[in-house]
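K.L.:
all I have is the shape, not the residue letters:
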Ligand code: GLN
């Protein structure tokens, strides 16, 4: 039996607490994290939606970059919107630093002004796009779970997942994306058990 996983949500800026009921409904524990000690104690990470530039500034100000990079190499990570920008190989519009753990280029605010925010139904579940990035040039071996205008919006790559939309703002728990991520984490714990 694998243990009940604990999912840590990086809580420097952005939409954090809305994930709690989804994660708990998927039979995992949820905790906001912002120190190296807290990073070490969790089984997986959510990088929440918010403003990627602000998150980057806070990561650098609190000198968390190296610790996060090391944690991301070993544990499952789900980046949401701004989080998907932080995980990208490259970032454009404008260029900015990223962890390079997902092989695509993120174009910030890539859907333009008209379509910058809207609610869309994915497999019967409402999700919110809020000034979302467009993810381009995905590597061939990525598992693309949803697209919008031909570009991926939900991707799995082994232990890592990204969504350019926010599923946590819909009040039916858990969202299919939270349920999938908790399963990825449980699988990862099982495969990496001592
Ligand atoms: N536009 C934001 C950014 O570039 C992302 C928006 C979001 O996370 N909802 O960081």
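P.N.:
Okay, I see it. Given the structure is predicted, the values throughout are model-derived calculations rather than measurements. Numbers count the residues shown, from 1 in each chain.

K.L.:
now do stretch 132-148: distance from first to last residue.
P.N.:
11 Å (C-alpha to C-alpha, to the nearest Å).

K.L.:
who's the most centrally placed residue in the chain bridged to?
P.N.:
The structure's the chain has its C-alpha centroid closest to residue 79; by C-alpha atoms, centre = their mean the separation is 1.4 Å. When assigned by DSSP bridges, residue 79 has beta-bridge partners residue 47, residue 162.

K.L.:
before we move on, what about residue 119?
P.N.:
The partner residues for residue 119, given DSSP bridges, come to residue 128.

K.L.:
ok, it - how many residues close by?
P.N.:
13 (other C-beta atoms under 10 Å). (Each C-beta comes from the backbone N, C-alpha and C, glycine too.)

K.L.:
ok, now residue 143?
P.N.:
Around residue 143 there are 12 residues (other C-beta under 10 Å).

K.L.:
could you report the pLDDT at it?
P.N.:
Listed pLDDT for residue 143 reads 98.

K.L.:
the lowest-mean-pLDDT helix or strand in the chain near the ligand anywhere?
P.N.:
Between all helices and strands in the chain, the lowest mean by mean pLDDT, DSSP states H and E belongs to strand 117-122, at a mean of 92. No - interface with the ligand: strand 117-122 contributes nothing (C-beta under 6 Å from any ligand atom), its closest point being 8.4 Å away.

K.L.:
buried ones in that strand, by neighbour count?
P.N.:
When burial is assessed from 16 or more other C-beta atoms under 10 Å, strand 117-122 yields the following buried residues: residue 122.

K.L.:
start the count at 2, not 1, going forward
P.N.:
Got it, first residue is 2 now, which makes that one strand 118-123.

K.L.:
now the helices for this protein?
P.N.:
Using DSSP state H, the helices of the chain run over 21-26, 37-42, 53-62, 66-75, 83-88, 177-192.

K.L.:
before I go, just wanted to say thanks for your time.
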